[in-house]
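J.: return atomic coordinates for the entry below.
(chains A and B)
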2 protein chains.
Amino acid sequence: MIKLFQFKLCPFSRRVRFTLEEYNMRFVMIDEIIWNKRKEFLAVNPGGSLPVLIDEDDNVIINNYAIIEYIEEKHSHTTSGSSLISGDLISKAEIRRLVDWYDNKFYHEVSKIILRELIDKYYMKDRIDDKSPNMESVRIAQENSIYHFEYLSYLISSRSWIAGDFISQADIAAASHISCLDYLNKIDWDKWLEIKNWYARIKSQPAFSSILGDHIAGFQPPNHYSNPDF
Amino acid sequence: MIKLFQFKLCPFSRRVRFTLEEYNMRFVMIDEIIWNKRKEFLAVNPGGSLPVLIDEDDNVIINNYAIIEYIEEKHSHTTSGSSLISGDLISKAEIRRLVDWYDNKFYHEVSKIILRELIDKYYMKDRIDDKSPNMESVRIAQENSIYHFEYLSYLISSRSWIAGDFISQADIAAASHISCLDYLNKIDWDKWLEIKNWYARIKSQPAFSSILGDHIAGFQPPNHYSNPDF
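T.: Predicted structure coming up:
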């Protein structure tokens, strides 16, 4: 069976989890606390990053871009079902443009900063001097999120889903980052009603339900986190 | 004809240029100085990032990931020729893992820092107060490059090319970043002989020749930059 090394509040791991669930690929998850630098994990991925997938033939596939394209192509060979990167060349390019937007731009400007201050520092607390979150950095990241949320509101007010008429990897990439922030209660949903409606539709996807059931010791999500209707 | 908005010392633009040349797709280049925030360019890509490709039907395709996958799939439909993402699913995953390594990890730890200090600040000099490069940042980036070069030496001492037996997008991604640093004379080639041999093979690729012919006003490359044999 497929093995997935992942961390529950890693947006990149979340996208792989959703995709495997969506395509009904059976897999087991290994919760990897990368800050512990576990020897057995570093033997699999010396770079120490997540996610890492080990397929049925024990091939190791490392990082989001490689894993997602691998799953997408594998799925396209084995079924005539729907794809999360579908349509003509131009539609696929638009999906990948927006995946890149969330996994690079949104990540570096928003989610990476908030996760670093609240999560990375918590797990590294025995090994670093300055272990308290820098709330000024968190504030700046939340300020950076405003234009991202304006852009997202714009996209989903003109389209059914982020990249077009169908749910795609672009939606899952955005939702993977946003759901991590929501777990940490860093989204003011009353301000972003279009996004709230879109995210409610994501939350009601069966493949998203395991993510809504996540619980990380030391971090209590807000009550609405797991509620598909908020 | 295809139009490519690019900047000569943008590693991401370089990889698209190489790929278009390699697949004999005719294109014209528009040198875009993104720091000038040219209105006509922002009308094409409001995000202001490079590269941007406009295809024969005036479709706009934005950023590396979307553009490269678009070109690769388009090329696969029109010819039985070789591909830069070839082989079975696992070989392709290894190519994409290493593309991600260079375009994310190497970029953020090395090339982005050096390009920001030497190039971005030069072009923004009329608009920022602190316009002189922070040479301590450049030194740290060069220090970061050591383990990357050790890893690259390891890869190409055990394989013909970075990701396996054939030249691939992984080689072009690595060479795109390294050639920008080489243009700025920031690589001590005497220390990295395996990499020098691999890079000489890259330099002798016909599709790389236009990159070796680049010249950016205000920045004189070292003599060896354009010489395929160093």
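J.: which residues are in contact with residue A:230?
T.: Taking C-beta atoms under 8 Å, 6 or more residues apart in numbering or on different chains, we find residue A:230 in contact with A:189, A:196, A:200, A:224. Any C-beta I mention is one placed from the backbone N, CA and C, and that applies to glycine too.
J.: and for residue A:14?
T.: Residue A:14 touches A:6, A:8, A:175, A:176, A:179, A:180, A:211, counting by C-beta under 8 Å, 6+ apart.
J.: hmm, try it at 7 Å
T.: Contacts for residue A:14 (C-beta atoms under 7 Å, 6 or more residues apart in numbering or on different chains) come out as A:176, A:179, A:211.
J.: circling back: as JSON lines, the contacts of residue A:230 with neighbour count, pLDDT and secondary structure would be great.
T.: Shown next, in JSON lines, are these (neighbours: other C-beta atoms under 10 Å in any protein chain shown; pLDDT from 0 to 100; DSSP: H, G, I helix; E, B strand; the rest coil):
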{"residue": "A:189", "neighbour count": "14", "pLDDT": "96", "secondary structure": "helix"}
{"residue": "A:196", "neighbour count": "14", "pLDDT": "97", "secondary structure": "helix"}
{"residue": "A:200", "neighbour count": "14", "pLDDT": "97", "secondary structure": "helix"}
{"residue": "A:224", "neighbour count": "15", "pLDDT": "96", "secondary structure": "helix"}
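J.: need the residues you listed in TSV with distance to chain B, can you?
T.: Conversion of the contacts of residue A:230 to TSV gives the following (distance: C-beta to the nearest C-beta, whole Å):
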residue	distance to chain B
A:189	26
A:196	24
A:200	27
A:224	31
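J.: tell me which of the residues you listed is nearest to residue A:86?
T.: residue A:200 (22.9 Å; C-beta to C-beta).
J.: touching, the closest one and residue A:212? I think so.
T.: No. The pair residue A:200 / residue A:212 is not scored as a contact, 11.5 Å apart, by C-beta atoms under 7 Å.
J.: before we move on, what SS does the nearest residue to residue A:216 once chain neighbours are set aside have?
T.: Spatial nearest neighbour of residue A:216, chain neighbours left out: residue A:8 (5.3 Å); criterion: C-beta to C-beta, 6 or more residues apart in numbering or on different chains. Taken by DSSP: H, G, I helix; E, B strand; the rest coil, the conformation at residue A:8 corresponds to coil.
J.: and for residue A:8, the neighbour number?
T.: For residue A:8, the neighbour count with other C-beta atoms under 10 Å in any protein chain shown is 19.
J.: can you give me the pLDDT of it?
T.: pLDDT recorded at residue A:8 is 97.
J.: ditto for the one 3 residues further on
T.: Predicted confidence (pLDDT) at residue A:11: the value is 98.
J.: domain ranges for chain A, per the record?
T.: According to automatic domain parsing, chain A comprises the domains A:2-78, A:89-211.
J.: the first one: end-to-end distance?
T.: Taking C-alpha to C-alpha, to the nearest Å, domain A:2-78 runs 16 Å from one end to the other.
J.: figure out how far that domain is from the centre of its chain.
T.: Domain A:2-78 sits 12 Å away from the centroid of its parent chain (C-alpha atoms, centre = their mean, to the nearest Å).
J.: again with stretch A:128-146
T.: 20 Å.
J.: could the domains of chain A go into JSON lines alongside distance to residue B:134?
T.: Below are the domains of chain A laid out as JSON lines (distance: least, C-beta to C-beta, whole Å):
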{"stretch": "domain A:2-78", "distance to residue B:134": "28"}
{"stretch": "domain A:89-211", "distance to residue B:134": "20"}
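J.: who are the packing partners of the longest helix seen in chain A?
T.: In chain A, taking DSSP state H as the definition, the longest helix is helix A:135-158. Using 3 or more C-beta pairs under 7 Å, 6 or more residues apart in numbering or on different chains; DSSP states H and E as the contact test, the elements touching helix A:135-158 are helix A:112-115, helix A:193-203.
J.: can you tell me which of those is most buried?
T.: Highest mean neighbour count of the helices and strands packed on helix A:135-158: helix A:112-115, a mean of 20 (counted as mean count of other C-beta atoms under 10 Å in any protein chain shown).
J.: can you tell me what sits against that helix?
T.: A:9, A:137, A:138, A:141, A:180, A:181, A:184, A:186.
J.: and that helix, C-alpha only, in PDB?
T.: Taking C-alpha atoms only, helix A:112-115 is exported to PDB below (Å, rounded to 0.1, in the frame of the first residue of the first chain):
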ATOM      1  CA  LYS A 112       4.900  30.000   5.900                       C
ATOM      2  CA  ILE A 113       5.400  33.000   8.200                       C
ATOM      3  CA  ILE A 114       2.400  32.100  10.400                       C
ATOM      4  CA  LEU A 115       3.300  28.400  10.600                       C
END
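J.: where does the prediction get shaky in chain A?
T.: A:79-81 (pLDDT under 70).
J.: quick one: the residue of it positioned farthest from its centre from chain B, how far?
T.: Distance to the chain centre peaks in chain A at residue A:129, reaching 29.2 Å (criterion: C-alpha atoms, centre = their mean). Using C-beta to the nearest C-beta, to the nearest Å, residue A:129 is found at 20 Å from chain B.
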